[in-house]
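Engineer: sequence first, then the predicted structure:
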Amino acid sequence: FIVSIILFLLACFIGAFSHDYSFIIVSRLIQGFSAGILMSQTMVAVVQAYPVNRRGYALSMFTIGGVLAIGIGPVLGGIIIEELSWREIFLIPIPLLFILIILGYFVMPRPTNIKLTNFDWVGLSLLIICLYSAMTIFSDGQRQGWGSNYIAGLLTIGIITGIAFVFWQLGYKYRLLDFSLFKYPIFTFATAITFCVGMGNFGAIYAIPIFAQIIQTFSPVDAGLLMLPASLITIAVLPLIGKLSDIMSARAGSIIGLLCFFIGTIPMIYADSNTSFLFVMGFVILTRLGMGINNPFVAKAAISCLPTAKIADGTSTLNFFRLLGTSLGTTAWVVFLEIRTQMHTATFSFTQTGSNNTSLLFLQEVKELLKQTGLSEFVKNQSSLDYLGKVIHSQGSALGFQDGFLIFAIIFGVAIIPAILMVNKK
């Protein structure tokens with residue numbers, strides 16, 4: 001735990017004092033590596049510290065930190081970007097990290113029987129190559145061409161290394177992922193829900209603030225404030241959710257949480273530049289409540305169905321699929337947004353002809369407004385056309401975001417299926 005904190009601390013310094021984009025990438029890689037270890041270790045510690053009938057409440061309290069970070073992060077980040085610079089974003093966590101080192105030394109359990117085992121470097125290498133290929137396909141496919149030799153080569157490498165990774169994990173003793181965990185149906189369904197929520201929850205964390213800034217022209221601070229009430233309300237009700245998770249079935253709790261996700265996302269399919277601040281905030285609150293309700297129920301169900309000896313492996317596997325869903329969901333959704341925005345913008349552009357009376361009237365009104373500036377006729381014409389182009393792109397972007405929110409709604413809808421299939425077990 002302490003080593004992971006120190007690695008994260010080192011990454012913060014690398015990012016803050018970077019003079020090259022590659023160093024920022026290295027910093028984020030180290031942060032992701034250390035955060036992955038921290039998430040698994042802290043969750044295992046929480047699960048092992050509480051009996052089965054108290055784990056739901058404990059996991060709800062564990063969720064508070066993540067929910068609070070999601071609420072405060074965008075606001076704090078917006079203030080830093082507006083008032084300082086991006087470098088300070090890397091420096092802000094440093095005091096907290098030093099506090100965590102002290103707390104980790106005194107609070108985290110110390111194993112009494114340490115047994116070192118061989119690490120699966122081959123499996124790790126295959127997994128890194130497979131995931132790198134998948135992420136690069138999504139990020140470069142639009143620029144390189146989806147049918148290009150470059151993308152085809154990455155796809156081939158990704159498939160080969162992915163299949164090799166699975167077979168290696170099935171045959172190697174010291175494996176990264178224990179596929180025998182999936183013989184427990186509840187764990188399998190819980191993992192599927194976790195993966196889907198990891199993909200879709202990105203919408204509440206990232207897509208809505210970006211939508212607010214790009215489509216509704218909010219400042220970074222205002223976009224962050226859009227998210228803050230949802231986290232505060234969710235934190236207030238999490239203790240109640242925790243107590244309910246110890247007496248309600250995992251299936252019921254998960255379905256309620258996913259329905260909150262689904263219902264909170266549906267109205268965003270119709271949101272545009274005229275959608276009110278309070279309207280968007282209300283549905284952000286609903287999706288955040290979905291996160292607060294679903295996560296403890298699913299985590300408790302997944303861990304409680306496993307033998308004690310497999311709890312650590314189960315926790316790591318659950319976190320792996322959560323992060324995998326988030327990574328794939330983020331990359332794929334951004335590409336989808338770009339494609340749909342370009343498509344809608346091109347469609348609007350094709351309608352801009354001499355017979356489009358609406359656009360002609362719009363251009364004339366803009367010219368009338370520009371008369372007060374004393375510009376020449378040529379400049380007024382060019383300025384009017386330029387403004388029309390920006391309006392078309394803005395409308396295309398709004399429709400692209402609406403399509404993106406539809407994808408999130410579909411993901412949450414699909415996640416309800418494994419939730420229904422989970423055995424109704426306390």
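Structural biologist: Cool, the structure landed. Numbering: from 1, shown residues only.
Engineer: would you agree Asn381 is in contact with Val366?
Structural biologist: No - counting by C-beta atoms under 8 Å, Asn381 stays clear of Val366, with 9.8 Å between them. C-beta coordinates here come from the backbone N, C-alpha and C atoms, glycine included.
Engineer: could you check which of those two has the larger neighbour count?
Structural biologist: Comparing Asn381 with Val366 by other C-beta atoms under 10 Å, the one with more neighbours is Val366, at 18 against 15.
Engineer: and Gly73, what is it in contact with?
Structural biologist: Gly224 (C-beta atoms under 8 Å, 6 or more residues apart in numbering).
Engineer: please report how far it lies from Leu155.
Structural biologist: 34 Å (C-beta to C-beta, to the nearest Å).
Engineer: ditto for Met227
Structural biologist: For Met227 relative to Leu155 (C-beta to C-beta), the value is 36 Å.
Engineer: and for Ala398?
Structural biologist: From Ala398 to Leu155 the distance is 32 Å (C-beta to C-beta).
Engineer: same check, this time on Ala45
Structural biologist: Distance from Ala45 to Leu155, by C-beta to C-beta: 40 Å.
Engineer: now Ser316
Structural biologist: 28 Å.
Engineer: give me the more crowded residue out of these two.
Structural biologist: Ser316 (21 against 15).
Engineer: what strand or helix carries the more buried one?
Structural biologist: helix 311-350 (DSSP states H and E).
Engineer: how far off centre is that helix?
Structural biologist: 8 Å (C-alpha atoms, centre = their mean, to the nearest Å).
Engineer: so which elements touch it?
Structural biologist: Here helix 311-350 touches helix 21-49, helix 121-144, helix 185-200, helix 202, helix 277-304, helix 377-421, going by 3 or more C-beta pairs under 8 Å, 6 or more residues apart in numbering; DSSP states H and E.
Engineer: show me what the mean pLDDT comes to for it.
Structural biologist: Here helix 311-350 scores 83 as its mean pLDDT.
Engineer: repeat that for stretch 146-158.
Structural biologist: Stretch 146-158 shows a mean pLDDT of 87.
Engineer: which residues are in contact with that stretch?
Structural biologist: Taking C-beta under 8 Å, 6+ apart as the rule, stretch 146-158 contacts 129-130, 133-134, 136-137, 140-141, 144-145.
Engineer: just the CA atoms of that stretch, as CSV, please.
Structural biologist: Output in CSV follows, covering the C-alpha atoms of stretch 146-158 (Å, rounded to 0.1, in the frame of the first residue of the first chain):
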residue,chain,number,x,y,z
TRP,A,146,-10.7,1.8,-40.1
GLY,A,147,-9.8,-0.4,-43.0
SER,A,148,-6.1,0.6,-43.2
ASN,A,149,-3.2,-2.0,-42.9
TYR,A,150,-2.2,-0.3,-39.7
ILE,A,151,-5.5,-0.9,-38.0
ALA,A,152,-5.8,-4.4,-39.4
GLY,A,153,-2.3,-5.2,-38.0
LEU,A,154,-3.3,-3.9,-34.6
LEU,A,155,-6.5,-5.9,-34.7
THR,A,156,-4.6,-9.1,-35.6
ILE,A,157,-2.0,-8.5,-32.8
GLY,A,158,-4.8,-7.8,-30.3
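Engineer: and that stretch, which residues are buried?
Structural biologist: Buried residues in stretch 146-158, defined by neighbour count with 16 or more other C-beta atoms under 10 Å: 151, 154, 157-158.
Engineer: let's have these in JSON lines, adding distance to Ile210 and secondary structure.
Structural biologist: Putting these into JSON lines (distance: C-beta to C-beta, whole Å; DSSP: H, G, I helix; E, B strand; the rest coil) gives the following:
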{"residue": "Ile151", "distance to Ile210": "26", "secondary structure": "helix"}
{"residue": "Leu154", "distance to Ile210": "27", "secondary structure": "helix"}
{"residue": "Ile157", "distance to Ile210": "31", "secondary structure": "helix"}
{"residue": "Gly158", "distance to Ile210": "28", "secondary structure": "helix"}
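Engineer: low-confidence ranges in the stretch 101-250 of the chain?
Structural biologist: The model of the stretch 101-250 of the chain has pLDDT under 70 over residues 109-118, 202-204, 245.
Engineer: circling back to that earlier point, which of the buried residues of stretch 146-158 lies closest to Gly413?
Structural biologist: Closest approach between the buried residues of stretch 146-158 and Gly413, by C-beta to C-beta: Gly158, at 27.5 Å.
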